[in-house]
Structure formats: C-alpha cells, structure tokens
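Q: here's my sequence, what's the structure:
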Amino acid sequence: MRRYSLVLLLALFSTGCFRSTTTISLRPDGSGTVVQETGMTAQALAMIKSMAGGQNAKDSPPDLFGEEQAKKAAATMGVTFVSGEPFKTAEFEGYRARYSFTDISQVKVNMEQNAAQMSAGGKEPPFSFNFNRGASSSVLTIQMPDQVPTKGKLPMLPSGAAGTDAEKAQAAQAMAMMKSMMRGMFIDITLDVDGKILKSNAAHVDGSRITLLQVDVDKLLSDESALQKLQAATDLKSFANIAGLKVSPEPKIRIEFSR
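A: Model prediction:
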C-alpha cells in the first residue's frame, strides 16, 4: 500500500490538483469547531486510478477521502470527529469533515494536514495554541510553525524580460507549463473568533477572521515575477508583497478578543 503514497504525492504536488481549506472557529471559553475540506480535480483522481489499474485487487489504493481518513486526521489534530460528507464541484471532488474541541490548547493543525495524512505521515511542524480566558476578554497565542525562507529551494524559471528570442520563447514555454501543472492548487488555514477582536499582531485580519496561512497558486502564477520573488526571499517579511501568498512574519500571533 505504501507504493501508492508516492503516486499520490506526485499527483498532489506535481499537478497542483490539491485544494485544502481549514476553518477553526473559537468561542470565548476556548472550545470550538474545525471544518476541513479537502479535494482534488477529477482529472487527478482519474490519473491515480489509472496508475493503479494494473495492480492486483488486493493492492488497490485506499480511498483518498472519507470518514476513515477524517477520523485519522482527528486523532492527529487532537479533536473529535463529528460528521462529514463527500462534496463535488465543477472542478473538485473531495470530503468535508466537521470536528469539535473543548480546549484549543490541545489542538494541533499541520500546514498540510490532509496531504500529510494521505501520504502516510508528514513531518511538517504544527500550529499550536495557548489560550487564556479572562473576565472581560480572552487571549489566544498561536505558535507558528518554523517557516524557513525558500531561497535556493524552488526552481528558477527562465526570465523572459531579457535575452535572445529563443530564451524568451523558452521562458514563456516554462511559465505556461508551470501554470498548467500547478493550476488550482490552494491551501488555506483560517481562524474565526466568536466575538470582536480587540488587539492582534496578525498580518491578515478581516473582521473576526484571521488568515494564518494561504497559498493560492493561480494568483501566484498570475504575476510572472512572483516565483523569482519567492525564490529570492531571505526572510518572512520578503513574502509580504507576493500575490497569492499569505503568511505571518511573526513567530507568535497574539489575539485578544471579547464577545
């Protein structure tokens, strides 16, 4: 069965077919819910089934999305599985899971929770939470994962801004290929507090919602210089002006809120 983890990783990250959203809703007493949607394009799912088609029935790949996978994710996150159902849109097929927790301090959410779950393991450090309930307001502190700048880790695309006609054509071809491979890839982790945010050092706040992490590859690739900016980043502040990418420049996010 482990042979299919390699197939799955190839499908997820070389075709950009993966979409995952996680919304953490927090009440003033520290309890709350998590809604997590994970999906892939129908094309990617068909590709995985096709790759597995020549194998014996006993070696057929496990279901990628479903209640069994959601319950495994619940154990990893430190939450309780409540319910779930498959979903299907014009572009994606997947599973929507709902979880609950009584103390957010016990919750851990990986940056790529579902991808790690399906690929039999993952070593991304999780988001961790510390909660203090006060008489008039509550304070949540989020320890962000160690986020290492990407310098030297991403392939540099040829620049079409200068060079010979052949080099410009090569750059355009490489960008077109990258867009095709990565189209639709989207990861989002959002916190929604039940109340009014009084004070926070979070970089991406919209009303009661705070985006902890967002990677929108379609937006990222809409700016042909974005990948070069990402490649050249030397610290987290360098990510601030890259379209399609939202991360926190702070290692800890502090949120004070009241009902």
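Q: which element follows the helix or strand bottoming out on mean pLDDT in the chain toward the C-terminus?
A: None of the helices or strands of the chain scores lower by mean pLDDT, DSSP states H and E than helix 3-15, at a mean of 39. Later in the chain than helix 3-15, the nearest helix or strand by DSSP states H and E is strand 18-26.
Q: got the contact list for that next one?
A: Here strand 18-26 makes contact (CB atoms under 8 Å, 6 or more residues apart in numbering) with 12, 32-40, 44, 92, 94, 104, 107, 109, 112-115, 140, 184-194. Every C-beta, even on glycine, is put in place using the N, C-alpha and C of the backbone.
Q: now do 6 Å
A: By CB atoms under 6 Å, 6 or more residues apart in numbering, the residues outside strand 18-26 that reach it are 12, 32-40, 92, 104, 114, 185-193.
Q: what do you get for stretch 195-215?
A: 28, 137, 187-193, 246-248, 250, 253-259.
Q: helices of the chain, start to end?
A: Counting by DSSP state H, one finds helices in the chain at the ranges 3-15, 42-52, 67-77, 113-118, 165-182, 217-222, 226-232.
Q: what pLDDT, on average, does the second one get?
A: Going back to what we said before, that points to helix 42-52. Averaged across helix 42-52, pLDDT comes to 69.
Q: same deal with the fourth one?
A: This predicted structure assigns helix 113-118 an average pLDDT of 45.
Q: could you give the number of residues near Ala243?
A: Ala243 sits with 15 neighbouring residues when counted by other CB atoms under 10 Å.
Q: let me know the pLDDT of it.
A: Confidence score, pLDDT, at Ala243: 78.
Q: is Asn132 in a bridge, and if so with what?
A: For Asn132, the beta-bridge partners under DSSP bridges are Val139.
Q: that one against Leu140, yeah?
A: No. Using CB atoms under 6 Å, Asn132 is not in contact with Leu140; the gap is 8.0 Å.
Q: and the two? which has more neighbours close in?
A: For Asn132 versus Leu140, neighbours defined as other CB under 10 Å are more numerous around Leu140 (22 against 12).
Q: alright, calling it a day.
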